[in-house]
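**Q** next one to model:
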Amino acid sequence: MSSVEDARDAVAMIRSLYTNPLGPHPFNIQTRKQGYTWIITYDIQTAFNIEGHEVHINAITGNMLRIS
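**A** Sure, this is the predicted structure:
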């Protein structure tokens, strides 16, 4: 993993989790930085509802931690 320099890199990491063209895709993506952590919140449309997700990415190491 490499460092995450800006919000574009953080969003690209999130989009890389959803590569299936027929599967769900993230929308309503919001990013913010708190210290050395990028916090990305986004929604996924499922068959029955919309699920909210939050991911924290360490800006130095690029490690990802899924919160919900």
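**Q** which strands border the one helix or strand His53 maps to, and is each parallel or antiparallel?
**A** Counting by DSSP states H and E, the element that carries His53 is strand 50-58. Here strand 50-58 has these sheet partners by DSSP bridges: strand 37-45 (antiparallel), strand 64-66 (antiparallel).
**Q** and of the ones you listed, who's closest to Tyr18?
**A** Each of the strands paired with strand 50-58 has some distance to Tyr18 by Cβ to Cβ; the shortest is strand 37-45, at 7.9 Å. Every C-beta, even on glycine, is put in place using the N, C-alpha and C of the backbone.
**Q** could the C-alpha coordinates of that closest one be exported in PDB?
**A** The C-alpha coordinates for strand 37-45 follow below in PDB (Å, rounded to 0.1, in the frame of the first residue of the first chain):
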ATOM      1  CA  THR A  37      -7.100   9.800   8.400                       C
ATOM      2  CA  TRP A  38      -9.400  10.100   5.400                       C
ATOM      3  CA  ILE A  39     -13.000   9.500   6.400                       C
ATOM      4  CA  ILE A  40     -15.200   8.500   3.500                       C
ATOM      5  CA  THR A  41     -19.000   8.000   3.800                       C
ATOM      6  CA  TYR A  42     -21.100   6.700   1.000                       C
ATOM      7  CA  ASP A  43     -24.300   4.900   0.200                       C
ATOM      8  CA  ILE A  44     -25.000   1.600  -1.600                       C
ATOM      9  CA  GLN A  45     -28.400   0.800  -3.200                       C
END
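**Q** any idea which element the spatially most central residue of the chain lies in?
**A** The chain has Ile14 as the residue nearest its centroid, 3.6 Å off, counting by Cα atoms, centre = their mean. According to DSSP H and E, Ile14 maps onto helix 7-16.
**Q** now the angle between strand 37-45 and that helix, please.
**A** 40 degrees (axes from the mean of the first three to the mean of the last three Cα atoms, to 10 degrees).
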